[in-house]
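Engineer: For reference, the sequence and a predicted model appear below.
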Amino acid sequence: MTTIWTYVLLVVGFVLLIKGADFFVEGSSGIAKKLKVPSLIIGLTIVAMGTSLPECAVSVAASISGNNALAVSNVVGSNIFNLMVVCGFCAVITPLAVGKRTLKQEFPFSVLMAALLLVLGYIGMSVGRIDGVILLIFFALFMFWMVHSALKARTAGTTDASEEADEIERAKPIPVWLCLVYIVGGAAAIAFGGDMVVDSASAIAAAFGLSQNLIGLTIVAMGTSLPELVTSIVAARKNEVDMALGNVIGSNIFNILFVLGIAAAISPVAFIMENVIDIVILIAMSIMVLLFAWSRQKINRIEGAIMLLSYAGYMVYICMR
């Protein structure tokens, strides 16, 4: 039977995950700047990964403890939430302009990787260690591609690169010792927070007779997606709308390739038919959003509202099945 402390631990776990990710990103970015790492690379790697650290911590902790159903549902649920709620809410605030590169490269790649996960999971109804290594190889290739593109854009001296460099120059540097404290403290908070979320979510699921898959798709997925939601809403309010969508697409790719790749490499992740259906829904929703964005290179307020309503319908479906 669950007690009030179980829910308190769940909330505390989410707080540790989110604040831990914030500190880890800030510390890592500070060290990277001290080492003269190009700012574009910092944004494409450390910051993009940072918003997905909660999903990573939860899925790895779930894999280690044998709660693999929570690992899969957390990633798939987070990706659906990111795409439909985070992008949809931002589009309702202000129409989301979508860059040509995002439309032609990152977005289709994210759909392709979801399809790859579907194929790997459906064959044998599990994602084994070899499958995990395959996902990690694709992640390494993706990161190489991103870094190469960033260096190429920086060499070309694009306006965005210059503006970002100027902004970083104006930023007050963080002392190295404080960066190290942020990195160590953030990593510890992420680790403890991940364990607390997995344990408390599993206890709540057991107490109410709910499946870990449902808990992972709803409470855990929404909780671990808070960094993406906050980051994208702030970007949208500052009219940096392309950053809002880019953050979501990058995080979704990271979730599938790195998070599930690591989890599967640690311990084979069993699939159930509900996981297959949810991934198919993720692919269908991704294609719908891609078509929205492709029509006028932006997602308008009406389309954003449709995305939010689609997610609400999905929530009703998974609670009733």
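Structural biologist: The structure has been received and is ready for your questions.
Engineer: now the helices for the stretch 1-150 of the chain?
Structural biologist: 4-34, 39-42, 48-50, 53-65, 68-81, 87-93, 100-101, 107-122, 129-156 (DSSP state H, counting those that start in this stretch).
Engineer: And these: which comes nearest residue 219?
Structural biologist: helix 4-34 (7.5 Å; C-beta to C-beta). Using the backbone N, CA and C atoms, a C-beta is placed for each residue, glycine as well.
Engineer: what helices or strands is the closest one leaning on?
Structural biologist: Secondary-structure packing of helix 4-34 (3 or more C-beta pairs under 8 Å, 6 or more residues apart in numbering; DSSP states H and E): helix 39-42, helix 48-50, helix 53-65, helix 176-207, helix 221-224, helix 226-237.
Engineer: Most tightly packed of the ones you listed?
Structural biologist: Of these, the one with the most neighbours on average (mean count of other C-beta atoms under 10 Å) is helix 53-65, at a mean of 26.
Engineer: Need the CA coordinates for that one. CSV is fine.
Structural biologist: C-alpha atoms of helix 53-65 as CSV (Å, rounded to 0.1, in the frame of the first residue of the first chain):
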residue,chain,number,x,y,z
LEU,A,53,19.1,13.5,-18.8
PRO,A,54,16.0,12.8,-16.7
GLU,A,55,14.7,10.3,-19.2
CYS,A,56,18.2,8.7,-19.3
ALA,A,57,18.4,8.4,-15.5
VAL,A,58,15.0,6.9,-15.2
SER,A,59,15.4,4.4,-18.1
VAL,A,60,18.9,3.3,-17.0
ALA,A,61,17.7,2.9,-13.4
ALA,A,62,14.6,1.0,-14.6
SER,A,63,16.9,-1.3,-16.7
ILE,A,64,19.2,-2.0,-13.8
SER,A,65,16.4,-2.8,-11.5
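Engineer: and that helix, average pLDDT?
Structural biologist: Mean pLDDT, computed over helix 53-65, is 78.
Engineer: so it versus helix 68-81, what angle?
Structural biologist: Per axes from the mean of the first three to the mean of the last three C-alpha atoms, to 10 degrees, the angle that helix 53-65 makes with helix 68-81 is 160 degrees.
Engineer: Can you tell me what sits against helix 53-65?
Structural biologist: With contact meaning C-beta atoms under 8 Å, 6 or more residues apart in numbering, helix 53-65 is reached by 14, 17-18, 20-21, 24, 68, 70-71, 74-75, 78, 190-191, 193-195, 197-199, 220, 223-227, 255, 258-260, 262-264, 266-267, 269.
Engineer: Could you do stretch 286-306 as well?
Structural biologist: 83-84, 87-92, 95-100, 102-103, 107-108, 110-111, 114, 241, 245, 307, 310.
Engineer: and the end-to-end length of it?
Structural biologist: One end of stretch 286-306 sits 13 Å from the other (C-alpha to C-alpha, to the nearest Å).
Engineer: Now it: buried residues?
Structural biologist: Neighbour-count burial for stretch 286-306, with 16 or more other C-beta atoms under 10 Å as criterion, is recorded at 286, 288, 289, 290, 292, 293, 298, 299, 300, 303, 304, 306.
Engineer: what mean pLDDT does that stretch have?
Structural biologist: Computed over stretch 286-306, the average pLDDT equals 90.
Engineer: what about it, distance to the chain center?
Structural biologist: 20 Å (C-alpha atoms, centre = their mean, to the nearest Å).
Engineer: And for stretch 176-187?
Structural biologist: Put simply, stretch 176-187 sits 22 Å off its chain's centre (C-alpha atoms, centre = their mean).
Engineer: Only C-alpha atoms, please: export it in PDB.
Structural biologist: Presented in PDB, the C-alpha positions along stretch 176-187 are these (Å, rounded to 0.1, in the frame of the first residue of the first chain):
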ATOM      1  CA  VAL A 176      36.300  26.100 -12.800                       C
ATOM      2  CA  TRP A 177      35.800  25.000  -9.200                       C
ATOM      3  CA  LEU A 178      32.200  25.900  -9.400                       C
ATOM      4  CA  CYS A 179      31.800  24.200 -12.700                       C
ATOM      5  CA  LEU A 180      33.100  21.000 -11.200                       C
ATOM      6  CA  VAL A 181      30.800  21.400  -8.200                       C
ATOM      7  CA  TYR A 182      27.800  21.800 -10.600                       C
ATOM      8  CA  ILE A 183      28.900  18.700 -12.600                       C
ATOM      9  CA  VAL A 184      29.400  16.400  -9.600                       C
ATOM     10  CA  GLY A 185      26.400  17.700  -7.700                       C
ATOM     11  CA  GLY A 186      24.200  17.600 -10.800                       C
ATOM     12  CA  ALA A 187      25.200  14.100 -11.700                       C
END
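Engineer: still on that earlier bit, would you reformat the helices and strands packed on helix 4-34 as a markdown table and include distance to residue 279?
Structural biologist: Conversion of the helices and strands packed on helix 4-34 to a markdown table gives the following (distance: least, C-beta to C-beta, whole Å):
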| stretch | distance to residue 279 |
| --- | --- |
| helix 39-42 | 31 |
| helix 48-50 | 22 |
| helix 53-65 | 15 |
| helix 176-207 | 21 |
| helix 221-224 | 13 |
| helix 226-237 | 19 |
